[in-house]
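K.L.:
what would the 3D arrangement of this be:
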Amino acid sequence: MENNYFLCRKNRNILYMKVLIIGGVAGGATAAARMRRLDERAEIVMFERGEYISFANCGLPYYIGGEITDKEELTLQTPDSFNARFNVDVRVQNEVLSINREKKTVTALDLKTGKQYEESYDFLVLSPGADPVRPPIQGIDSARVFTLRNIPDTFAIKDFMDSRKPKTAVVVGGGFIGMEMAENLHAAGLKVTIVEMADQLLAPFDYDMACSIHRRVRSKGVELLLGNAVKAITDTGKALKITLNDSLIETDMLLMSAGVKPESTLAKHAGLALNEYGYIVTDEFMRTSDSSIYAVGDAVEITDFVLQKKNTVPLAGPANKQGRIAADNICGLESRYTGTQGSAILRVFDMTAATTGLNEKTAKRLGIKYEKSFTVSGSHAGYFPGANDMTIKTLFDPENGKILGVQITGKDGVDKRCDVIAAAMRFGATASDLTRLELCYAPPYSSAKDPVNMAGYVIENILTGKVRIFHWHDVETLDKEKVTLLDVRTPEEVEIGAMPGFINIPVDSLRERMSELDPQKPVYITCAVGLRGYVASRILSQNGFEVSNLSGGYTIWNRVKHCSTKRDKS
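P.N.:
Model (predicted):
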């Protein structure tokens with residue numbers, strides 16, 4: 001790719017190229033900074049409709065909850081500091097109204113003075129982001145109803161809380177922002193209710209993994225109203241009355257967090273290609289359908305790294321990478337965006353939930369061939385104080401063991417395990433590759449066989465036929481007349497809780513009591529998490545039995561079985 005600096009110089013007989021950037025957060029600010037580092041002579045102008053640039057979107061809920069105490073910490077750069085460091089003409093409170101592709105100009109409005117003006121460009125970068133969805137609900141314009149996208153939104157919520165002293169809050173939407181806001185409103189002392197239209201929180205997770213999140217949220221006193229939608233909002237002057245599917249609730253304030261939509265109006269009016277959902281179409285270089293215009297961030301259609309299909313995933317990490325890639329290509333360095341993997345993590349009170357890659361419901365919807373396994377491992381060596389269990393759900397290709405996706409819930413160490421697998425997936429890792437990873441070990445941090453290794457070992461055993469598995473949703477379909485249901489936990493464990501119809505023979509007694517089992521019937525085994533079940537499976541299979549082991553054991557089955565979607569705190 002010929003350097004664009006020289007192309008502009010040759011085509012326009014000038015000594016520099018001029019780049020306009022629309023949007024001064026995440027992708028836009030990254031593009032501006034990278035461009036300056038690559039080309040000291042380029043003229044760079046960055047337009048931002050709001051008052052702030054380069055602010056910490058992901059930190060906004062934690063200011064509301066009081067964990068971040070200094071509002072100045074939310075702004076990573078000011079217009080003046082950005083200009084001093086990168087010599088970028090930063091124009092806050094300047095809104096770009098239209099793009100003239102033929103003239104290669106934009107029309108902008110200075111919101112402070114009301115003056116309109118034109119600015120020419122050689123290259124244009126669009127980084128407009130996404131807006132919170134505001135459904136057409138009666139009463140949604142009440143002053144007690146908020147959304148959270150930027151710093152002014154944050155200050156509006158905080159000011160309302162400080163001045164009006166609300167005691168209750170409803171969060172509509174159980175996505176990442178909704179969950180973060182629920183936690184932080186709770187931390188600020190409010191009684192919080194989450195209303196979610198789906199039957200689970202956090203759509204990137206599968207229902208069986210979301211169940212542990214539901215349990216933790218409810219244990220903190222947050223009420224979940226799943227499978228519910230807001231029909232109307234009535235502001236009484238003292239509170240809000242919210243009409244749901246089949247009930248009426250009252251609250252002092254409401255946060256609408258029902259998803260986002262791309263802010264692609266400029267691109268649409270300029271005639272740039274959009275997909276059916278209004279996201280801007282780009283190629284791997286982040287170029288739009290106009291070779292002089294690039295687009296990055298939440299308003300852009302991406303390629304799913306695992307599926308190699310078009311998708312939309314609004315995340316900060318990809319937005320920053322795309323900004324850098326657009327700058328590289330504008331400055332003549334060939335750089336490609338290889339797709340979004342969907343790696344995401346969330347703190348849920350004292351719990352962590354992380355995910356990367358494909359989930360099961362997407363695999364089912366698209367007809368993708370997969371298998372799954374559940375493993376439950378300690379965050380570090382069990383003999384060292386403070387170890388906590390983490391649950392890992394891994395999706396893999398049943399033909400070659402390639403890792404397709406993972407979801408992890410737990411406390412300590414969830415982040416690093418998900419990061420390790422996310423990195424391994426970038427290089428096409430299989431289950432066998434996970435077993436070979438040499439990860440750091442010391443008793444306070446891990447086990448000699450790390451949870452990532454264990455996930456690989458389990459899948460490897462499945463693929464090589466050392467164990468057959470069945471899953472929590474298969475249990476109730478088993479014909480108890482035709483199969484043997486066997487629980488190999490201790491009698492004390494079984495007494496606390498057990499699945500109906502399972503006989504109990506502890507694994508350590510299995511060899512001596514094998515005669516109690518009918519060798520003509522397939523045996524379906526469970527234990528607590530699957531490990532003792534695997535040992536029992538190996539014993540029985542090598543003695544002529546047809547055996548299947550419950551992946552994740554009684555722990556996963558019990559978690560899902562008692563995951564209520566009703567209005568309660570069970």
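K.L.:
so Thr409 makes contact with Thr355?
P.N.:
No. Counting by C-beta atoms under 8 Å, Thr409 does not reach Thr355; the two are 9.4 Å apart. (C-beta placed from N, C-alpha, C; glycine too.)
K.L.:
for Ile82, the count of nearby residues, please.
P.N.:
Check again: residue 82 is Phe, not Ile. 22 (other C-beta atoms under 10 Å).
K.L.:
and the residue lying closest to it once chain neighbours are set aside, what pLDDT?
P.N.:
For Phe82, ignoring the flanking residues on the chain, the nearest one in space by C-beta to C-beta, 6 or more residues apart in numbering is Val90 at 5.4 Å. Model confidence at Val90, expressed as pLDDT, equals 98.
K.L.:
ok, Val90 to Pro79 distance?
P.N.:
4 Å (C-beta to C-beta, to the nearest Å).
K.L.:
pull up the overlap in contacts between the two.
P.N.:
When contacts are counted by C-beta atoms under 8 Å, 6 or more residues apart in numbering, Val90 and Pro79 are jointly contacted by Ile53.
K.L.:
out of those two, which sits in the busier spot?
P.N.:
Neighbour count, other C-beta under 10 Å: between Val90 and Pro79, Val90 has more, with 24 against 21.
K.L.:
list the contacts of that one.
P.N.:
Here Val90 is in contact with Gly24, Met46, Glu48, Ile53, Pro79, Phe82, Asn83 (C-beta under 8 Å, 6+ apart).
K.L.:
pull up the distance across stretch 504-514, start to finish.
P.N.:
Taking C-alpha to C-alpha, to the nearest Å, the first and last residues of stretch 504-514 lie 12 Å apart.
K.L.:
so how far is that stretch from its chain's centroid?
P.N.:
Per C-alpha atoms, centre = their mean, to the nearest Å, the displacement of stretch 504-514 from the mean C-alpha position of its chain is 43 Å.
K.L.:
now it: mean pLDDT?
P.N.:
98.
K.L.:
run through who's touching that stretch.
P.N.:
486-491, 494, 498, 516-517, 527, 532-533, 535-536, 539-540, 543.
K.L.:
buried ones in it?
P.N.:
Ile505, Pro506, Val507, Leu510 (16 or more other C-beta atoms under 10 Å).
K.L.:
relative to Leu126, how far out is Val19?
P.N.:
Plainly put, Val19 is 12 Å away from Leu126 if you go by C-beta to C-beta.
K.L.:
looking at those two now, which is surrounded by more residues?
P.N.:
The neighbour count for Val19 versus Leu126, taken as other C-beta under 10 Å, is higher for Leu126 (32 against 28).
K.L.:
the more buried one and Arg287 touch, don't they?
P.N.:
No. Applying C-beta under 8 Å, one finds Leu126 not in contact with Arg287, separated by 11.0 Å.
K.L.:
which residues are common contacts for these two?
P.N.:
In contact with both Leu126 and Arg287: Ile293, Tyr294, using C-beta under 8 Å, 6+ apart.
K.L.:
could you look up the next helix or strand downstream of the helix or strand bottoming out on mean pLDDT in the chain?
P.N.:
Every helix and strand of the chain was ranked by mean pLDDT, DSSP states H and E. The lowest is helix 4-12, at a mean of 50. Per DSSP states H and E, the first helix or strand lying C-terminal to helix 4-12 is strand 18-22.
K.L.:
show me what that following strand is packed against.
P.N.:
On a contact count with 3 or more C-beta pairs under 8 Å, 6 or more residues apart in numbering; DSSP states H and E, strand 18-22 meets helix 27-38, strand 43-48, strand 123-126.
K.L.:
contacts for that strand, please.
P.N.:
8, 28, 31-32, 35, 42-47, 96, 106, 119-128, 266, 330.
K.L.:
stretch 44-51 now?
P.N.:
In contact with stretch 44-51 (C-beta under 8 Å, 6+ apart) are residues 18-25, 28-29, 32, 35-36, 53, 82, 86-96, 106, 108, 111, 119, 150-152.
K.L.:
what ranges in the stretch 151-300 of the chain fall below the confidence cut-off?
P.N.:
Counting by pLDDT under 70, the stretch 151-300 of the chain shows no low-confidence range.
K.L.:
roughly how far does Asp450 sit from Val529?
P.N.:
16 Å.
K.L.:
sorry, back to before: from the contacts of stretch 504-514, list just the buried residues.
P.N.:
486-490, 494, 498, 517, 527, 532-533, 535-536, 539-540.
K.L.:
can you tell me which of the residues you listed is closest to Gly221?
P.N.:
Comparing the buried ones among the contacts of stretch 504-514 against Gly221 with C-beta to C-beta places Ala498 closest, at 29.8 Å.
K.L.:
isn't there a strand covering that closest one?
P.N.:
No. Under DSSP: H, G, I helix; E, B strand; the rest coil, Ala498 sits outside any strand and is assigned coil.
K.L.:
do you know how far it is from Glu492?
P.N.:
11 Å.
K.L.:
can you tell me which helix or strand Leu201 belongs to?
P.N.:
Here Leu201 is assigned to no helix or strand, by DSSP H and E.
K.L.:
got it, and Ile421?
P.N.:
Residue-wise, Ile421 maps onto helix 414-426 under DSSP H and E.
K.L.:
need the contact partners of that helix.
P.N.:
305-306, 341, 343, 345, 352-357, 379, 390, 392, 394, 403, 405-406, 408, 429, 433-434, 437, 439, 450-452, 455.
K.L.:
which of these are buried?
P.N.:
305-306, 341, 343, 352-357, 379, 390, 392, 394, 403, 405-406, 408, 429, 433-434, 439, 450-452, 455.
K.L.:
just the ones of the residues you listed in strands?
P.N.:
Secondary structure from DSSP state E places 352-357, 390, 392, 394, 403, 405-406, 408 of these in strands.
K.L.:
of the contacts of strand 18-22, select the buried ones using a PyMOL command.
P.N.:
The PyMOL selection below is limited to those of the contacts of strand 18-22 classed as buried (16+ other C-beta under 10 Å):
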select buried, resi 8+28+31+32+35+42+43+44+45+46+47+96+106+119+121+122+123+124+125+126+127+128+266+330
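K.L.:
my read is that Ile345 contacts Ala354, right?
P.N.:
Yes. The pair Ile345 / Ala354 is scored as a contact, 4.1 Å apart, by C-beta under 8 Å.
K.L.:
follow-up on the earlier one: how about the helix holding Ile421: buried residues?
P.N.:
Val414, Lys416, Arg417, Cys418, Val420, Ile421, Ala422, Ala424, Met425.
K.L.:
and the helices in the stretch 51-200 of the chain, which stretches?
P.N.:
Along the stretch 51-200 of the chain, the stretches classed as helices by DSSP state H, counting those that start in this stretch are 60-64, 79-86, 151-164, 176-187.
K.L.:
now do the contacts for Thr430.
P.N.:
Phe396, Asn400, Gly401, Lys402, Ile403.
K.L.:
how near is the third one to Ser432?
P.N.:
This means Gly401. Gly401 sits 6 Å away from Ser432, going by C-beta to C-beta.
K.L.:
shared neighbours, these two?
P.N.:
Listed as contacting both Gly401 and Ser432 by C-beta under 8 Å, 6+ apart are Glu460.
K.L.:
neighbour count winner among the two?
P.N.:
In this view Gly401 and Ser432 are compared by other C-beta under 10 Å, and Gly401 has more residues nearby, 20 against 15.
K.L.:
so that one makes contact with Glu460?
P.N.:
Yes. Contact status for Gly401 versus Glu460: in contact at 6.9 Å, counting by C-beta under 8 Å.
K.L.:
quick check: neighbours shared by those two?
P.N.:
Jointly contacting Gly401 and Glu460 under the rule C-beta under 8 Å, 6+ apart are Ala431, Ser432.
K.L.:
still on that earlier bit, specify which member of the buried ones among the contacts of stretch 504-514 is nearest to Val222.
P.N.:
Distance to Val222 across the buried ones among the contacts of stretch 504-514 (C-beta to C-beta) is lowest for Ala498, with 30.1 Å.
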